[in-house]
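Novice: Please work out how this folds:
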Amino acid sequence: MNYFIDSLVSAVELIFSFDPTIYHIVFTSVSVSLSASFIAALFAIPAGVAFSLNQFRGKGFLQHILNTLMAMPTVVIGLLLYGLLSRMGPLGHLGLLYTPSAVIMAETILIFPIMMNLAITAVESADSRLVPTLISLGAKPIPLAIQVIRTTRLAMLAAIVTGFGRAIGEVGAAMMLGGNIEGFTRTMTTAIALETSKGEFELGLALGLLLLILAFILNFSLAWLNKS
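Specialist: Numbers count the residues shown, from 1 in each chain. Here you go, the predicted model:
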(Lines give C-alpha, C1' and ligand atoms only; values in the text may rest on other atoms or scores of the structure.)
Protein backbone atom coordinates (compact mmCIF):
# COMPACT_ATOMS: atom_id res chain seq x y z
CA MET A 1 0.00 0.00 0.00
CA ASN A 2 2.85 2.37 0.86
CA TYR A 3 4.40 1.67 -2.54
CA PHE A 4 1.22 2.71 -4.34
CA ILE A 5 0.76 5.85 -2.23
CA ASP A 6 4.41 6.84 -2.70
CA SER A 7 4.07 6.25 -6.45
CA LEU A 8 0.88 8.31 -6.55
CA VAL A 9 2.58 11.21 -4.75
CA SER A 10 5.53 11.00 -7.14
CA ALA A 11 3.15 10.94 -10.11
CA VAL A 12 1.36 14.08 -8.91
CA GLU A 13 4.73 15.77 -8.39
CA LEU A 14 5.72 14.86 -11.95
CA ILE A 15 2.51 16.39 -13.28
CA PHE A 16 2.94 19.67 -11.41
CA SER A 17 6.64 19.86 -12.22
CA PHE A 18 5.52 20.33 -15.84
CA ASP A 19 8.08 17.82 -17.05
CA PRO A 20 8.47 18.52 -20.80
CA THR A 21 8.72 14.79 -21.57
CA ILE A 22 5.28 14.12 -20.09
CA TYR A 23 3.58 17.08 -21.70
CA HIS A 24 5.12 16.38 -25.10
CA ILE A 25 3.53 12.93 -24.92
CA VAL A 26 0.21 14.55 -23.97
CA PHE A 27 0.52 17.04 -26.83
CA THR A 28 1.25 14.25 -29.33
CA SER A 29 -1.69 12.21 -28.09
CA VAL A 30 -4.13 15.14 -28.19
CA SER A 31 -2.97 16.44 -31.57
CA VAL A 32 -3.20 12.99 -33.20
CA SER A 33 -6.66 12.37 -31.73
CA LEU A 34 -7.91 15.82 -32.72
CA SER A 35 -6.70 15.29 -36.29
CA ALA A 36 -8.40 11.90 -36.47
CA SER A 37 -11.61 13.32 -35.00
CA PHE A 38 -11.67 16.19 -37.49
CA ILE A 39 -11.14 13.90 -40.50
CA ALA A 40 -13.65 11.33 -39.27
CA ALA A 41 -16.28 13.99 -38.52
CA LEU A 42 -15.78 15.52 -41.96
CA PHE A 43 -17.05 12.30 -43.54
CA ALA A 44 -19.06 10.56 -40.80
CA ILE A 45 -21.50 13.38 -40.02
CA PRO A 46 -22.63 13.96 -43.65
CA ALA A 47 -22.69 10.18 -44.22
CA GLY A 48 -24.88 9.66 -41.15
CA VAL A 49 -27.28 12.42 -42.20
CA ALA A 50 -27.48 11.10 -45.77
CA PHE A 51 -28.07 7.58 -44.45
CA SER A 52 -30.97 8.79 -42.28
CA LEU A 53 -32.63 10.97 -44.90
CA ASN A 54 -32.64 8.42 -47.70
CA GLN A 55 -34.29 5.06 -48.24
CA PHE A 56 -32.46 2.52 -50.37
CA ARG A 57 -32.14 -1.21 -50.83
CA GLY A 58 -29.73 -2.83 -48.37
CA LYS A 59 -30.04 -0.06 -45.79
CA GLY A 60 -30.66 -2.53 -42.97
CA PHE A 61 -27.69 -4.64 -44.05
CA LEU A 62 -25.47 -1.55 -44.15
CA GLN A 63 -26.61 -0.69 -40.63
CA HIS A 64 -25.52 -4.16 -39.46
CA ILE A 65 -22.11 -3.64 -41.08
CA LEU A 66 -21.80 -0.29 -39.34
CA ASN A 67 -22.64 -1.88 -35.99
CA THR A 68 -20.07 -4.61 -36.65
CA LEU A 69 -17.38 -2.03 -37.43
CA MET A 70 -18.10 -0.32 -34.11
CA ALA A 71 -17.17 -3.54 -32.33
CA MET A 72 -14.09 -4.29 -34.44
CA PRO A 73 -10.99 -4.92 -32.27
CA THR A 74 -8.43 -2.17 -32.70
CA VAL A 75 -5.63 -4.67 -33.29
CA VAL A 76 -7.49 -5.86 -36.40
CA ILE A 77 -7.49 -2.31 -37.76
CA GLY A 78 -3.81 -2.07 -36.88
CA LEU A 79 -3.07 -5.39 -38.59
CA LEU A 80 -4.87 -4.43 -41.81
CA LEU A 81 -3.20 -1.03 -42.01
CA TYR A 82 0.17 -2.54 -41.17
CA GLY A 83 -0.19 -4.85 -44.15
CA LEU A 84 -1.08 -1.91 -46.39
CA LEU A 85 1.61 0.46 -45.12
CA SER A 86 4.52 -1.92 -44.54
CA ARG A 87 7.43 -1.88 -46.96
CA MET A 88 6.07 -4.84 -48.91
CA GLY A 89 2.49 -3.51 -48.86
CA PRO A 90 0.70 -1.66 -51.67
CA LEU A 91 1.12 1.68 -49.87
CA GLY A 92 4.61 1.02 -48.53
CA HIS A 93 6.19 3.50 -50.96
CA LEU A 94 4.46 6.33 -49.08
CA GLY A 95 6.62 5.73 -46.00
CA LEU A 96 3.75 6.26 -43.57
CA LEU A 97 4.42 3.34 -41.23
CA TYR A 98 5.69 4.42 -37.79
CA THR A 99 4.59 8.01 -38.31
CA PRO A 100 1.81 10.08 -36.70
CA SER A 101 -0.05 9.89 -40.03
CA ALA A 102 -0.40 6.12 -39.67
CA VAL A 103 -1.82 6.50 -36.17
CA ILE A 104 -4.22 9.17 -37.39
CA MET A 105 -5.40 6.84 -40.16
CA ALA A 106 -6.04 4.03 -37.67
CA GLU A 107 -7.91 6.27 -35.23
CA THR A 108 -9.97 7.79 -38.06
CA ILE A 109 -11.08 4.34 -39.21
CA LEU A 110 -11.76 3.36 -35.60
CA ILE A 111 -14.04 6.28 -34.75
CA PHE A 112 -15.73 6.78 -38.13
CA PRO A 113 -18.48 4.18 -37.51
CA ILE A 114 -19.00 5.51 -33.97
CA MET A 115 -19.54 9.06 -35.20
CA MET A 116 -21.70 7.95 -38.12
CA ASN A 117 -23.94 5.82 -35.89
CA LEU A 118 -24.35 8.67 -33.41
CA ALA A 119 -25.15 11.06 -36.28
CA ILE A 120 -27.83 8.63 -37.51
CA THR A 121 -29.27 8.45 -34.00
CA ALA A 122 -29.26 12.24 -33.74
CA VAL A 123 -31.27 12.66 -36.95
CA GLU A 124 -33.71 9.88 -36.11
CA SER A 125 -34.24 11.32 -32.62
CA ALA A 126 -35.01 14.81 -33.93
CA ASP A 127 -38.53 16.17 -34.24
CA SER A 128 -40.38 13.94 -36.73
CA ARG A 129 -41.90 17.05 -38.33
CA LEU A 130 -38.49 18.56 -39.15
CA VAL A 131 -37.72 16.80 -42.45
CA PRO A 132 -41.29 16.86 -43.88
CA THR A 133 -41.54 20.56 -43.07
CA LEU A 134 -38.24 21.37 -44.77
CA ILE A 135 -39.20 19.32 -47.82
CA SER A 136 -42.59 21.06 -48.03
CA LEU A 137 -40.75 24.38 -48.02
CA GLY A 138 -38.83 23.25 -51.08
CA ALA A 139 -35.49 22.31 -49.51
CA LYS A 140 -33.19 20.48 -51.93
CA PRO A 141 -31.05 17.53 -50.71
CA ILE A 142 -27.90 19.49 -49.78
CA PRO A 143 -29.67 22.47 -48.11
CA LEU A 144 -31.93 19.94 -46.39
CA ALA A 145 -28.94 18.06 -44.97
CA ILE A 146 -27.27 21.30 -43.85
CA GLN A 147 -30.41 22.44 -42.04
CA VAL A 148 -30.78 19.06 -40.34
CA ILE A 149 -27.17 19.27 -39.13
CA ARG A 150 -27.78 22.78 -37.82
CA THR A 151 -30.88 21.68 -35.97
CA THR A 152 -29.14 18.66 -34.39
CA ARG A 153 -25.78 20.43 -33.95
CA LEU A 154 -25.49 19.68 -30.22
CA ALA A 155 -26.02 15.96 -30.81
CA MET A 156 -23.54 16.08 -33.69
CA LEU A 157 -21.00 17.83 -31.47
CA ALA A 158 -21.56 15.16 -28.84
CA ALA A 159 -20.82 12.52 -31.51
CA ILE A 160 -17.52 14.25 -32.32
CA VAL A 161 -16.56 14.53 -28.64
CA THR A 162 -17.38 10.84 -28.13
CA GLY A 163 -15.21 9.93 -31.10
CA PHE A 164 -12.33 12.00 -29.75
CA GLY A 165 -12.64 10.29 -26.39
CA ARG A 166 -12.43 6.88 -28.06
CA ALA A 167 -9.46 7.94 -30.18
CA ILE A 168 -7.38 9.32 -27.33
CA GLY A 169 -7.80 6.08 -25.39
CA GLU A 170 -6.61 3.90 -28.29
CA VAL A 171 -3.52 1.77 -27.66
CA GLY A 172 -3.43 -1.36 -29.85
CA ALA A 173 -3.35 0.14 -33.34
CA ALA A 174 -1.33 3.14 -32.11
CA MET A 175 1.38 0.80 -30.85
CA MET A 176 1.43 -1.31 -34.03
CA LEU A 177 1.44 1.56 -36.51
CA GLY A 178 3.22 4.29 -34.57
CA GLY A 179 5.97 2.19 -33.06
CA ASN A 180 5.88 4.17 -29.81
CA ILE A 181 8.82 6.32 -30.93
CA GLU A 182 9.85 8.82 -28.26
CA GLY A 183 9.21 12.42 -29.24
CA PHE A 184 7.44 11.39 -32.45
CA THR A 185 4.63 8.83 -32.17
CA ARG A 186 4.51 8.09 -28.45
CA THR A 187 0.98 8.72 -27.13
CA MET A 188 -0.27 8.59 -23.56
CA THR A 189 -1.65 5.07 -23.85
CA THR A 190 1.41 3.59 -25.54
CA ALA A 191 3.70 5.40 -23.10
CA ILE A 192 1.75 4.03 -20.13
CA ALA A 193 2.16 0.49 -21.47
CA LEU A 194 5.88 1.00 -22.11
CA GLU A 195 6.79 2.78 -18.89
CA THR A 196 4.90 0.28 -16.73
CA SER A 197 6.65 -2.64 -18.44
CA LYS A 198 10.00 -0.90 -17.78
CA GLY A 199 9.18 -0.52 -14.10
CA GLU A 200 8.70 3.27 -14.38
CA PHE A 201 5.38 3.05 -12.56
CA GLU A 202 5.41 6.68 -11.40
CA LEU A 203 5.67 8.04 -14.95
CA GLY A 204 3.01 5.63 -16.19
CA LEU A 205 0.75 6.62 -13.30
CA ALA A 206 1.28 10.33 -14.02
CA LEU A 207 0.21 9.80 -17.64
CA GLY A 208 -2.72 7.69 -16.46
CA LEU A 209 -3.88 10.50 -14.17
CA LEU A 210 -3.66 13.01 -17.03
CA LEU A 211 -5.66 10.63 -19.21
CA LEU A 212 -8.30 10.38 -16.48
CA ILE A 213 -8.43 14.18 -16.25
CA LEU A 214 -9.01 14.38 -20.01
CA ALA A 215 -11.72 11.71 -19.74
CA PHE A 216 -13.39 13.70 -16.96
CA ILE A 217 -13.31 16.87 -19.08
CA LEU A 218 -14.84 14.98 -22.02
CA ASN A 219 -17.59 13.44 -19.89
CA PHE A 220 -18.33 16.81 -18.31
CA SER A 221 -18.55 18.35 -21.79
CA LEU A 222 -20.93 15.63 -22.95
CA ALA A 223 -23.14 16.10 -19.87
CA TRP A 224 -23.20 19.84 -20.48
CA LEU A 225 -24.13 19.34 -24.13
CA ASN A 226 -26.95 16.96 -23.17
CA LYS A 227 -28.37 19.56 -20.79
CA SER A 228 -28.16 22.37 -23.33
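Novice: Helix, strand, or coil at the residue nearest the centre of the chain?
Specialist: Within the chain, one residue has its C-alpha closest to the average C-alpha position: by C-alpha atoms, centre = their mean, that is Ala167, at 2.7 Å. Three-state call for Ala167 (DSSP: H, G, I helix; E, B strand; the rest coil): helix.
Novice: residues in contact with it?
Specialist: By C-beta atoms under 8 Å, 6 or more residues apart in numbering, the contact set of Ala167 is Val32, Ser33, Ala36, Ser37, Glu107, Leu110, Ile111. C-betas here are computed from N, CA, C, even on glycine.
Novice: which of those lies closest to Leu212?
Specialist: Ser33 (15.4 Å; C-beta to C-beta).
Novice: Worst mean pLDDT across the helices and strands of this structure, which element?
Specialist: helix 130-136 (a mean of 80; mean pLDDT, DSSP states H and E).
Novice: Which positions in the next helix or strand after it come out as buried?
Specialist: Where DSSP states H and E defines the elements, the next helix or strand beyond helix 130-136 is helix 141-151. Across helix 141-151, burial judged by 16 or more other C-beta atoms under 10 Å covers Leu144, Ala145, Gln147, Val148, Ile149, Thr151.
Novice: Rebuild those as CSV, extending it with pLDDT and distance to Thr196.
Specialist: Formatted as CSV, the buried residues of helix 141-151 follow (pLDDT from 0 to 100; distance: C-beta to C-beta, whole Å):
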residue, pLDDT, distance to Thr196
Leu144, 86, 51
Ala145, 87, 46
Gln147, 89, 49
Val148, 90, 46
Ile149, 91, 42
Thr151, 89, 46
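Novice: The biggest helix by length in the chain vs helix 141-151, what angle?
Specialist: Ranked by residue count under DSSP state H, the longest helix found in the chain is helix 20-53. Between helix 20-53 and helix 141-151, the angle comes out at 130 degrees (axes from the mean of the first three to the mean of the last three C-alpha atoms, to 10 degrees).
Novice: Show the subsequent helix or strand relative to helix 20-53.
Specialist: Using DSSP H and E, the helix or strand that follows helix 20-53 in sequence is helix 59-70.
Novice: Show me what that following helix is packed against.
Specialist: Secondary-structure packing of helix 59-70 (3 or more C-beta pairs under 8 Å, 6 or more residues apart in numbering; DSSP states H and E): helix 100-124.
Novice: so what does the helix it packs on touch, helix or strand wise?
Specialist: helix 20-53, helix 59-70, helix 74-85, helix 153-168, helix 172-178.
Novice: Return the most buried member of the ones you listed.
Specialist: helix 172-178 (a mean of 24; mean count of other C-beta atoms under 10 Å).
Novice: is it possible to export the helices and strands packed on helix 100-124 to a markdown table including distance to Ile120?
Specialist: Shown next, in a markdown table, are the helices and strands packed on helix 100-124 (distance: least, C-beta to C-beta, whole Å):
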| stretch | distance to Ile120 |
| --- | --- |
| helix 20-53 | 5 |
| helix 59-70 | 8 |
| helix 74-85 | 21 |
| helix 153-168 | 9 |
| helix 172-178 | 24 |
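Novice: close enough to count as contact, Ala159 and Val49?
Specialist: No: counting by C-beta atoms under 8 Å, Val49 is not a contact partner of Ala159; they are 11.0 Å apart.
Novice: okay, and the common contacts of those two?
Specialist: Ala119.
Novice: what ranges of this protein fall below the confidence cut-off?
Specialist: 1, 228 (pLDDT under 70).
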